[in-house]
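[1] this is the structure alone, sequence omitted:
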């Protein structure tokens, strides 16, 4: 067992009140959407055809979706007072950062000095650390405030059991809570399933199903959320409404379609919007979404294309979330990756992580395809929770990098606070890969021929240029 500092907040009743400012902003943006005048930070829906009738219908759907996105009573769906916008904050590039959470927490405490009933629906028991123990009386928001992480409850595969941290014996529960960051919504129009190579896992060698489960899992060519478990934005929205807004009534299909339509208007830049238009139109050649670059940024782009683009630059779908199919020698680039961002981290390349993240690790027992039993400890098993396959342990989808300069912190658990820390992590990661899979079998993420280390690593003198370029994506 471990000791941790608890960050607590008194129990609160659900509130559905909007501030006048929020209501005013909502009305202005909704009217702008309906008139076809999108704010520059949102862009237009790249999927809208030129037909005026279809365009008008799409704009109306996006306007309804924006209203639903900000609606806290969710049209009487029995929710807990949260809106989508409470976790996907527009001021945070439609994600949730620890700094924003801490600011809202401090503001709430200050308001409660004058009004005991003051409320912020971001702080609901379902995302409290002690929810499984105290239910609706839970009040420890350490993971949310310190890490910016929310609870994601996943069904355990039939061949996987949690081990009790005290007795080390298998537990009866068939689910696990993992703690994940709230991903930014910008550019979702060009993420998700794209139908291009590579496929995960590759068709050969075929995997052996365990206890009748699909050994490959859903969405073998991309999906939504960090483990790609959802095939559509509608599926993702429905799951979020049920698990985080705790609705008790099935959401209308049109509402889910409208939420998807609104999200597809969110772009990090006009260049990405143009790229999305080309992708959705089925183009085979794509416009470069980069803005005009200065000399340092151009140097950084060269570094990016050498060191990073094999995973974040698929030429068949250049949204930075699709890897290249890669050379077929030895180990081609995979669709999903374990970049060792879970905890505990492997040694010697990685030091021990902060206790605030280490404490989220759990130990699991897994029955393998050959009947043998093994254990592993991790803060997030990734796609293993979808397949029961040990090869998918800690596997995650590749995130979109566009707008990355405005979406700190990074990785699925917000474990890198800055781009510099992110590069520090990858330096340790590539050292680990080079040590464990040496030449002549170097994987494609490190080598173009299996022998030479000509990818992945970023030299110290290249860092400033690469970061300058990443900040312009």
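    Received the coordinates, thanks. Since this is a predicted model, take the numbers as computed values, not measurements.

[2] quick one: the helices in the stretch 101-250 of the chain?
    131-134, 142, 233-243 (DSSP state H, counting those that start in this stretch).

[3] out of the ones you listed, deepest packed?
    helix 233-243 (a mean of 20; mean count of other Cβ atoms under 10 Å). C-beta coordinates here come from the backbone N, C-alpha and C atoms, glycine included.

[4] so for that helix, mean pLDDT?
    For helix 233-243, the mean per-residue pLDDT is 98.

[5] with stretch 430-438 instead?
    94.

[6] list the buried ones in that stretch?
    430, 432, 433, 434, 437 (16 or more other Cβ atoms under 10 Å).

[7] also stretch 381-400?
    381-390, 392-400.

[8] in a markdown table, list the helices of the stretch 101-250 of the chain along with distance to residue 260.
    Listed next are the helices of the stretch 101-250 of the chain as a markdown table, based on distance: least, Cβ to Cβ, whole Å:
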| stretch | distance to residue 260 |
| --- | --- |
| helix 131-134 | 29 |
| helix 142 | 33 |
| helix 233-243 | 4 |
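
[9] out of those helices, which comes closest to residue 268?
    helix 233-243 (16.9 Å; Cβ to Cβ).

[10] the helices of the stretch 101-250 of the chain: which one's closest to residue 407?
    helix 233-243 (17.7 Å).

[11] contacting residues around the closest one?
    74, 77, 79, 84, 126, 152-153, 188, 192, 224-225, 230, 247, 251, 253, 256-257, 259-260, 263-264 (Cβ atoms under 8 Å, 6 or more residues apart in numbering).

[12] of these, buried ones?
    So, by 16+ other Cβ under 10 Å, the buried ones in those are 74, 77, 79, 84, 126, 152, 188, 192, 224-225, 230, 247, 251, 256-257, 259-260, 263-264.

[13] what's around residue 298, how many residues?
    Close neighbours of residue 298, defined as other Cβ atoms under 10 Å, add up to 14.

[14] who's in contact with stretch 459-473?
    268, 290-291, 293-294, 296-304, 307-308, 320, 401-405, 419-420, 423, 458.

[15] could you give the mean pLDDT of that stretch?
    Mean pLDDT, computed over stretch 459-473, is 97.

[16] repeat that for stretch 173-187.
    97.

[17] what comes up buried for it?
    176, 177, 178, 179, 180, 181, 182, 183, 184, 185, 186, 187.

[18] enumerate every residue touching the nearest residue to the third one once chain neighbours are set aside.
    Spatial nearest neighbour of residue 178, excluding adjacent residues (Cβ to Cβ, 6 or more residues apart in numbering): residue 380 at 4.7 Å. Residue 380 sits next to 178, 179, 180, 342, 360, 394, 412, 413 when contact means Cβ under 8 Å, 6+ apart.

[19] before we move on, what about residue 87?
    Residues in contact with residue 87, defined by Cβ under 8 Å, 6+ apart, are 96, 122, 150, 182, 244.

[20] can I assume the third one is in contact with residue 177?
    The reference is to residue 150. No. Applying Cβ atoms under 8 Å as the test, residue 150 and residue 177 come out as separate, 10.1 Å apart.

[21] any idea how far the closest residue in space to residue 102 that isn't next to it in sequence is from residue 96?
    Excluding its sequence neighbours, the residue lying closest to residue 102 (Cβ to Cβ, 6+ apart) is residue 145, at 5.6 Å. Using Cβ to Cβ, to the nearest Å, residue 145 is found at 11 Å from residue 96.

[22] and what of residue 465?
    For residue 465 relative to residue 96 (Cβ to Cβ), the value is 30 Å.

[23] ditto for residue 214
    31 Å.

[24] ok, now residue 102?
    Residue 102 is 11 Å from residue 96, where distance means Cβ to Cβ.

[25] which of those two has more neighbours?
    residue 96 (23 against 15).

[26] dump the residue contacts of the closest residue to the more buried one other than its chain neighbours.
    Taking Cβ to Cβ, 6+ apart as the measure, residue 96 lies nearest to residue 182, with 3.8 Å between them; neighbours along the chain are not counted. Counting by Cβ under 8 Å, 6+ apart, residue 182 makes contact with 87, 88, 95, 96, 148, 150.

[27] count the neighbours of the nearest residue to the fifth one once chain neighbours are set aside for me.
    For residue 148, ignoring the flanking residues on the chain, the nearest one in space by Cβ to Cβ, 6+ apart is residue 98 at 3.8 Å. Taking other Cβ under 10 Å as the criterion, the count of residues near residue 98 is 20.

[28] low-confidence ranges in the stretch 251-400 of the chain?
    Where the stretch 251-400 of the chain drops to pLDDT under 70, the residues are 326-331.

[29] which residues in it form strands?
    Under the criterion DSSP state E, counting those that start in this stretch, the stretch 251-400 of the chain contains strands at 362-367, 373-378.

[30] nearest to residue 280, of those?
    Nearest of the strands of the stretch 251-400 of the chain (Cβ to Cβ): strand 373-378, 36.6 Å.

[31] quick revisit: so the residue nearest to residue 148 makes contact with residue 414?
    Yes. Counting by Cβ under 8 Å, residue 414 is a contact partner of residue 98 at 6.3 Å.

[32] give me the common contacts of these two.
    Joint contacts of residue 98 and residue 414 (Cβ under 8 Å, 6+ apart) are 147, 148.
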